[in-house]
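[1] Structure of the sequence below:
(one chain, ligands or ions: 1)
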Amino acid sequence: MADYYQIQPAIFCEPCKDCGARPVIEQIKDKFVVLCPNDKDHYKTKPGLIDVKDWNLKNKKQIAFVNTTVPAQKAS
Ligand SMILES: [Zn+2]
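    Residues are numbered from 1 along each chain as shown. Model (predicted):
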């Protein structure tokens, strides 16, 4: 069984980009994962040190890909 820990309120965390939840920390043996408390399919960091930085990076609201519709090249 894994234990969930709340992240200290003083530590800035981006809300989950999928559902807006504040992340929690899951301890797996001696490793830690920063993850969304609502859904394990939402982003989570790799097991290791508590990597809030990585979580913040991945959940930052940004346009990673500009959704441009590239017109298909017409073979003439
Ligand atoms: Zn989520």
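[2] Quick one: list the elements packing against the host helix or strand of Trp55.
    Using DSSP states H and E, Trp55 sits within helix 52-59. On a contact count with 3 or more Cβ pairs under 8 Å, 6 or more residues apart in numbering; DSSP states H and E, helix 52-59 meets strand 31-35. To be clear about C-beta, it is placed using only N, CA and C from the backbone, and glycine gets the same treatment.
[3] Show the average pLDDT along the strand it packs on.
    In this model, strand 31-35 has an average pLDDT of 97.
[4] The helix or strand of the chain with the lowest mean pLDDT packs against which elements?
    For the chain, the helix or strand with the lowest mean confidence is strand 3-6, at a mean of 90 (criterion: mean pLDDT, DSSP states H and E). Counting contacts by 3+ Cβ pairs under 8 Å, 6+ apart, strand 3-6 packs against strand 24-28.
[5] from the chain's centre, how far out does the strand it packs on sit?
    Offset of strand 24-28 from its chain centre (Cα atoms, centre = their mean, to the nearest Å): 13 Å.
[6] Contacts for that strand, please.
    The contact list for strand 24-28, computed with Cβ atoms under 8 Å, 6 or more residues apart in numbering, reads 2-7, 32-37, 44, 47, 50.
[7] Ends of stretch 34-48, what's the gap?
    For stretch 34-48, the first-to-last residue distance is 10 Å (Cα to Cα, to the nearest Å).
[8] swap in stretch 30-45?
    15 Å.
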